[in-house]
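> Take this sequence and fold it.
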Amino acid sequence: MELRELSWFITLAESEHVTAAAQKLNISQPTLSRALARLERRLGVRLFDRQQNRLRLNRYGEVFHAHAVRAVGEVASAEQRIRVLLDPDAGTIALGFLHSLGGWLVPELLRKYRTVAPSAAFQLRGNAADIVVDEVRHRRLDVGFTSPRPAGEDIRWVPLLEERLTLLVPENHPLAARAAVTAGELAAERFVTFPRAFGVRQILDQVCTEAAFTPQLAVEGTELSTLRALVAAEAGIAIVPESRSETALHPGTVEVPLDESGAKREVGIVTAADGPATPAARRFCAFVTRTLRTPHTPDA
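Okay, the predicted model is just below:
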C-alpha cells in the first residue's frame, strides 16, 4: 500500500467524485479508478457506495478514511520534524554529559550558544561517563561531554579543558585545616564515591593505586550533590571536582587541595567517528571546540 494512494483515497473521499478528484490530483480518471480498485482488493471490501455519478463512503470506507488521515498526518509530521532536526539554526541536539558538568559547563555553553543560534533546541541527558559514550556510539546522543578519554575507533574525542579534583572532608575532620594532602595519607580513610562507570571514580582508583592502596568504600552514589551531603554527614571523605564557587560547597564540608599530579580530569567532547549526523549538532560541536579549546590543545 503506497502513501501516495492513501492520499488519493483521502482526496476522493472528500470530493466524492472520481472526475473532480482526478482533476484536483492532476492525474487521469482511469489512474485514480485503478488505484481505488487495488486498494479495495487489498482490503477485501468496497470502500464506497456508488450512487449514480457520485461516491459515498460506506462504513468500511469511514473506518479506513479515519486511519488513512492519521497515517498521512503522522508521515507529514515526521517529515516536518526531520526538516527541523536538519536545520542548523533550529534543529534539536541530543546532548549527554557527566552529572557534575550539569551545574556549570552545560548551562554556560547553552547560554552562549543561544546568542548565535537562538532557535536551537536541546535534549539533555546527564549520566555516567561509560553510558554517555555508549549512547553516542549507538547514535542515541549526537554529542557528549565526558571524562576520561574513552577508547574505541568508532568514536572521536577532543579534549576541551582540565578540571582539578580536590579532597572533600567534613569541616571537623583532622585534614580540614591542611593546606594540601597527598593520596598516601588517605589509606586509612573511608570514601563516598561514584560507581566504576563514572570518570571521577576511575581517577580515584588510579590515584589510590599509584599510592599503593585500595580505597575503602563506605557508600556509592550517582549524584555529586548526594556525595557532598554524605561527606557533611561524616559518612566518609570524597575526591570530587573542585567547586566552581563558594556557594557550590555543601555546608559542613571543606575542600583540601590534593598534592597529586593525577588529581585532575580532562573533559572532552565525544561524537561518532565521522562526526554528528545532523547539521545542527555539527554546528554546536564547532561552536564548543572554538569556544573552549586553547590554541595549544592537540587533536584527539
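> So Glu62, which state does it fall into?
helix (DSSP: H, G, I helix; E, B strand; the rest coil).
> Roughly how far does it sit from Asn172?
To Asn172, Glu62 is 76 Å away according to CB to CB, to the nearest Å. Backbone N, C-alpha and C define where each C-beta goes, glycine included.
> Tell me which of the two has more neighbours.
Glu62 (12 against 9; other CB atoms under 10 Å).
> Apart from its neighbours in sequence, what residue is nearest Leu160?
Nearest residue to Leu160, sequence neighbours excluded (CB to CB, 6 or more residues apart in numbering): Leu292, at 4.3 Å.
> I meant to write Cys208 there.
Pro215 (4.7 Å).
> so where do the helices sit in the stretch 151-300 of the chain?
199-210, 224-232, 279-292 (DSSP state H, counting those that start in this stretch).
> elements contacting the second one?
So that's helix 224-232. strand 155-170, strand 190-193, strand 238-241, strand 253-257 (3 or more CB pairs under 8 Å, 6 or more residues apart in numbering; DSSP states H and E).
> any idea which of these is most buried?
strand 238-241 (a mean of 24; mean count of other CB atoms under 10 Å).
> So what's the model's average confidence on it?
Average pLDDT, strand 238-241: 92.
> how far away is Glu162 from Arg293?
12 Å.
> ok, now Lys112?
14 Å.
> Show me where the stretch 1-150 of the chain has its strands.
Secondary structure of the stretch 1-150 of the chain (DSSP state E, counting those that start in this stretch): strands located at 48-51, 54-57, 92-98, 121-127, 143-146.
> nearest to Ile155, of those?
Across these, Ile155 has its closest neighbour in strand 143-146 (8.9 Å, CB to CB).
> That closest one pairs with which strands?
strand 92-98 (parallel), strand 264-272 (antiparallel) (DSSP bridges).
> which stretches of the stretch 151-300 of the chain have low pLDDT?
The stretch 151-300 of the chain contains residues with pLDDT under 70 at 245-248, 294-300.
> Okay, the nearest residue to Arg114 once chain neighbours are set aside and Val288: tell me how far apart.
Nearest-residue entry for Arg114: Ala120, 7.5 Å, with adjacent residues in sequence omitted and distances by CB to CB, 6+ apart. According to CB to CB, Ala120 and Val288 sit 12 Å apart.
> what does Thr92 give?
16 Å.
> out of those two, which sits in the more crowded spot?
Val288 (20 against 17).
> contacting residues around the residue nearest to that one when sequence neighbours are not counted?
Computed as CB to CB, 6+ apart, the closest residue to Val288 that is not its neighbour in sequence is Ile269, at 5.7 Å. Residues near Ile269 by CB atoms under 8 Å, 6 or more residues apart in numbering: Val143, Gly144, Phe145, Trp157, Val158, Leu160, Cys285, Val288, Thr289.
> Phe97: which of these is nearest?
Nearest member of those to Phe97, counting by CB to CB, is Phe145, at 4.2 Å.
> What is the neighbour count of the closest residue to that closest one other than its chain neighbours?
Closest residue in space to Phe145, ignoring its immediate chain neighbours: Phe97 at 4.2 Å, by CB to CB, 6+ apart. Neighbour count for Phe97, taken as other CB under 10 Å: 23.
> Quick check: bridge partners of Phe97?
With DSSP bridges as the rule, Phe97 is bridged to Gly126, Phe145.
> Looking at it now. What's its pLDDT?
95.
> And it, how close does it get to Ser243?
The value you get for Phe97 to Ser243, if CB to CB is used, is 18 Å.
> Pretty sure Pro159 sits against Arg265.
No: with contact defined as CB atoms under 8 Å, Pro159 does not reach Arg265; the gap is 10.5 Å.
> and the gap between the closest residue to Asp154 other than its chain neighbours and Trp157?
The shortest distance from Asp154 to any non-neighbouring residue, by CB to CB, 6+ apart, is to Ala273 (5.2 Å). Distance, Ala273 to Trp157, by CB to CB: 10 Å.
> who are the neighbours in contact with Glu266?
So Glu266 contacts Ser147, Pro148, Arg149, Pro159, Leu161, Glu162, Glu163 (CB under 8 Å, 6+ apart).
> does the fifth one really touch Leu292, like I thought?
Spelled out, it's Leu161. Yes: if you go by CB under 8 Å, Leu161 and Leu292 touch, sitting 5.7 Å apart.
> The residue nearest to Arg114 against Phe284, yeah?
Yes: using CB under 8 Å, Ala120 makes contact with Phe284 at a distance of 7.1 Å.
> hey, what's in contact with both of these two?
Between them, Ala120 and Phe284 share the contacting residues Ile93, Tyr113, judged by CB under 8 Å, 6+ apart.
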